[in-house]
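Q: Can you look at this prediction? I've put the sequence above it.
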Amino acid sequence: MSSSSEVAPPVSAWSPFRYRAFALLWFATLISNVGTWMHEVGAGWLMIELSPSPAVVSLVQAATTLPVFLFALFAGTLADRLDKRRMLIVINVIMMVIVATLALLVQLQAITPLILILFTLAIGTGAAFMAPAWQAVVPSLIPRDNLQSAIALNSMGINISRAIGPALAGVLIVSVGLSTPFVVNAISHVVIIAALLIWKPEATPRKIGHQPILAEMATGLRHARYNHALLATLIRAAAFFLFASAYWAMLPLIARSIPDGGAELYGLLLTLVGAGAVSGAIALPRLRGDASADKVVTAGTGGTAVALVLLAVASNPGVAMLASFVGGFAWIAVLTTFHVSAQLALPNWVRARGMAIFLMVFFGSMALGATLWGQVAQAYGLSLALVIAAAGLVVGSAITRKAKLGQGENLDLSPAMLWPAAPDLDLNTDQSADRAARVQIEYRIRPEDRTAFVQALKAWSAQRYRDGAFKWSLIQSVEDPEIWIESFEVASWNEHLAQHERLTVSDSIEQAEIKKFEIRDTGPVVRHYLHF
């Protein structure tokens, strides 16, 4: 293999495999995901055996996804604070024990719909705590120019496992028993634990002086609110996943409703979803060409709507199989594009929290949608629910088209490290660094530049909020109208010190344009204050 230092043609889809750590964790995750998909098939089919009601069956999907919505931000905040490798090992050990216990209960025929939903919630909670840490680890395994390929390969791995796991689960359920997928899933956690123990990441400096965890969660939310590239991705993702969730929530019922359908057909449909997704991942770089992220998502949304309509009218396995393949192909195009758009919008210091918020929107929309479409199918029938969901995809795509994807592609989010060192505290108290801090920047601006300056500063306020400020203002002196004071507040002095490392190269370019309004050769005057 060529080394990463060579000057070569554009990065290929397989370039991340040059990096040992990425390859190790990718293959281990592939095996683990095979177990996960086998588990999902087993849980879905087990619930149908226990209670075939559409409203109850859809609760399995909701129980899988709802914990991510509830806990992902807390988990992402922990991941930004803790050693991610150790955190992942502990979570996988706990999940292995939970899944093994579920397998034993299924084998003993001691399972009920309520018990299954509770175990599904517990497993979903484990996934919620694990996902942000995984998402934040990926950029540390490969160079930035390989990030898009790495994300696509991760998506491909998930869908390869989706192609293998369901088919294997369907066969094992029929030939061995319903407990088998859960046993295999428990064993698959051993593989990922072993890979994490083998992986030795480079040591990174530990952050000193963490804020309270609720404050850091709030910082993550503010960053997402004022990160325009991430916010656009979240809006588009919510509009897609709310309606696309019908595809996943209703698939077990579709397999059962088709003549001669059953567990094997359900496994086959999921396998074809995975096969379509793998085909899409391979073909997407060539098919995309110069197409923008927005065009890829629009096309993928249309493909998902077509798949839903085909499933609504499917009266034989052939139509359902075609719909599954088309749906998988479209799904990978949309999911990968959203994922890349979110990753490229985030700087490293808040990556786990930012990706946690993306996952909250993803899984929250899926959980809400699964519950909604289950109720619609219960009241009006399965086919009508699928058609309504397909129409919703088209309408949602049209309504949110102004939220542009991929805005982070041209941003340099590496730390600029341009701010001068903050003054040392000498206030005769050890608690000074924990007090809320205010920073004031005094500008002297020519009267004729007033309108342009105010517009520029108001736009610049988004950067202050993104990097940790919870309050911002701009005031003008009455006695001397040339004097303007920008002021922002942060939760503590330590948090302000962290802001010095958060200014990105792209932010520094915008800041340099603002400083051009300053009349004085010495530049704006910066003052720091602490609350007492």
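A: Structure received.

Q: Can you spell out which helices and strands pack onto the particular helix or strand that has F119 in it?
A: When secondary structure is defined by DSSP states H and E, F119 falls within helix 113-141. Applying 3 or more Cβ pairs under 8 Å, 6 or more residues apart in numbering; DSSP states H and E, we find helix 113-141 packed against helix 20-50, helix 54-81, helix 84-107, helix 147-175, helix 317-344, helix 351-380. Bear in mind the C-beta positions are built from the backbone N, C-alpha and C, glycine included.

Q: want to throw those into JSON lines with mean pLDDT and mean neighbour count?
A: Formatted as JSON lines, the helices and strands packed on helix 113-141 follow (pLDDT from 0 to 100; neighbours: other Cβ atoms under 10 Å):
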{"stretch": "helix 20-50", "mean pLDDT": "82", "mean neighbour count": "22"}
{"stretch": "helix 54-81", "mean pLDDT": "78", "mean neighbour count": "24"}
{"stretch": "helix 84-107", "mean pLDDT": "90", "mean neighbour count": "18"}
{"stretch": "helix 147-175", "mean pLDDT": "74", "mean neighbour count": "22"}
{"stretch": "helix 317-344", "mean pLDDT": "88", "mean neighbour count": "24"}
{"stretch": "helix 351-380", "mean pLDDT": "86", "mean neighbour count": "23"}
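
Q: V296 is nearest to which of those helices?
A: Evaluated with Cβ to Cβ, the helices and strands packed on helix 113-141 place helix 317-344 nearest to V296, the distance being 5.0 Å.

Q: Okay, angle between that closest one and helix 351-380 too, please.
A: Using axes from the mean of the first three to the mean of the last three Cα atoms, to 10 degrees, the interaxial angle of helix 317-344 with respect to helix 351-380 works out to 150 degrees.

Q: next one: helix 317-344 to chain centre, how far?
A: Between the centre of helix 317-344 and the centre of its chain there are 16 Å (Cα atoms, centre = their mean, to the nearest Å).

Q: Can you spell out which helices and strands pack onto that helix?
A: helix 113-141, helix 147-175, helix 228-257, helix 263-288, helix 293-313, helix 351-380.

Q: These: which one's closest to W45?
A: Relative to W45, the nearest member of the helices and strands packed on helix 317-344 by Cβ to Cβ is helix 263-288, separated by 5.0 Å.

Q: what comes up buried for the closest one?
A: By neighbour count, with 16 or more other Cβ atoms under 10 Å as the criterion, the buried positions of helix 263-288 are 263-281, 284.

Q: do you know which of the helices and strands packed on helix 317-344 lies nearest R401?
A: Ranking the helices and strands packed on helix 317-344 by distance to R401, with Cβ to Cβ as the measure, places helix 293-313 first at 7.3 Å.

Q: quick one: that closest one to chain centroid distance?
A: Its chain's C-alpha centre and that of helix 293-313 lie 21 Å apart, by Cα atoms, centre = their mean.

Q: Report all helices and strands that it contacts.
A: With contacts defined as 3+ Cβ pairs under 8 Å, 6+ apart, helix 293-313 has these neighbours: helix 228-257, helix 317-344, helix 382-399.

Q: Next, format the ones you listed as a markdown table and append distance to P16.
A: Shown next, in a markdown table, are those (distance: least, Cβ to Cβ, whole Å):
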| stretch | distance to P16 |
| --- | --- |
| helix 228-257 | 22 |
| helix 317-344 | 13 |
| helix 382-399 | 30 |
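
Q: can you tell which of these is closest to R444?
A: When these are compared (using Cβ to Cβ), the closest one is helix 228-257, at 29.8 Å.

Q: Would you mark the buried spots in that closest one?
A: Using 16+ other Cβ under 10 Å as the burial criterion, the residues of helix 228-257 that qualify are 229-256.

Q: Which elements pack onto it?
A: With contacts taken as 3+ Cβ pairs under 8 Å, 6+ apart, helix 228-257 sits against helix 20-50, helix 54-81, helix 213-226, helix 263-288, helix 293-313, helix 317-344, helix 351-380, helix 382-399.

Q: and the second one, how far out from the chain's middle?
A: Right, the one you point to is helix 54-81. That offset, for helix 54-81, works out to 12 Å (Cα atoms, centre = their mean).

Q: ditto for the longest one
A: Relative to the chain's own centre, helix 20-50 is displaced by 18 Å; criterion: Cα atoms, centre = their mean.

Q: any weak-confidence spans in the stretch 151-300 of the chain?
A: Of all residues in the stretch 151-300 of the chain, those with pLDDT under 70 make up the ranges 159, 162-163, 203-210, 263, 285, 287-290.

Q: Is the residue located most distally from the centre of the chain in a helix, a strand, or coil?
A: For the chain, the C-alpha lying farthest from the average C-alpha position belongs to E479; by Cα atoms, centre = their mean, that distance is 50.3 Å. Look at E479: counting by DSSP: H, G, I helix; E, B strand; the rest coil, its state is coil.

Q: per-residue confidence at it?
A: Taken from the predicted model, the pLDDT recorded for E479 is 92.

Q: And it, how far from D449?
A: Relative to D449, E479 is positioned 19 Å away (criterion: Cβ to Cβ, to the nearest Å).

Q: same check, this time on A330
A: Shown here: A330 relative to D449, a distance of 50 Å by Cβ to Cβ.

Q: Could you do T101 as well?
A: Taking Cβ to Cβ, one finds T101 at 68 Å from D449.

Q: got it, and I151?
A: 43 Å.

Q: With L234 instead?
A: With the distance defined as Cβ to Cβ, L234 ends up 35 Å from D449.

Q: Outline the domain layout of this structure.
A: Per automatic domain parsing, the domain ranges recorded for the chain read 16-200+212-410, 432-530.

Q: nearest to A416, of these?
A: Using Cβ to Cβ, the domains of the chain put domain 432-530 closest to A416, at 4.0 Å.

Q: How far away from the center of its chain is the closest one?
A: 31 Å.

Q: Please export the C-alpha coordinates of stretch 100-119 as CSV.
A: This file holds the C-alpha atoms of stretch 100-119, laid out as CSV (Å, rounded to 0.1, in the frame of the first residue of the first chain):
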residue,chain,number,x,y,z
ALA,A,100,-26.8,-12.7,27.4
THR,A,101,-29.5,-12.4,30.1
LEU,A,102,-32.2,-11.8,27.5
ALA,A,103,-31.0,-14.8,25.5
LEU,A,104,-31.4,-17.0,28.6
LEU,A,105,-34.9,-15.7,29.2
VAL,A,106,-35.9,-16.4,25.6
GLN,A,107,-34.5,-19.9,25.9
LEU,A,108,-36.4,-20.5,29.1
GLN,A,109,-39.6,-19.1,27.4
ALA,A,110,-39.9,-16.6,30.3
ILE,A,111,-40.3,-13.6,28.0
THR,A,112,-43.3,-11.3,27.7
PRO,A,113,-44.0,-8.3,25.5
LEU,A,114,-43.3,-6.0,28.5
ILE,A,115,-40.0,-7.7,29.4
LEU,A,116,-38.9,-7.6,25.8
ILE,A,117,-39.6,-3.9,25.5
LEU,A,118,-37.7,-3.3,28.8
PHE,A,119,-34.7,-5.2,27.6
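
Q: Contacts for it, please.
A: Among residues not part of stretch 100-119, those counted as contacts by Cβ atoms under 8 Å, 6 or more residues apart in numbering are 42-43, 46-47, 50-51, 56, 59-60, 63, 98, 123, 177-179, 182-183, 185-186.

Q: 7 Å instead, please
A: 43, 46-47, 50-51, 56, 59-60, 63, 98, 178-179, 182-183, 186 (Cβ atoms under 7 Å, 6 or more residues apart in numbering).

Q: And stretch 237-249, by the same measure?
A: Under the contact criterion Cβ under 7 Å, 6+ apart, stretch 237-249 has outside partners 58, 61, 301, 304, 307-308, 327, 334, 338, 358, 361-362, 365-366, 368-370, 373-374, 385-386, 389, 392-393, 396-397, 399-400.

Q: and D434, how many residues sit next to it?
A: By other Cβ atoms under 10 Å, the residues close to D434 number 17.
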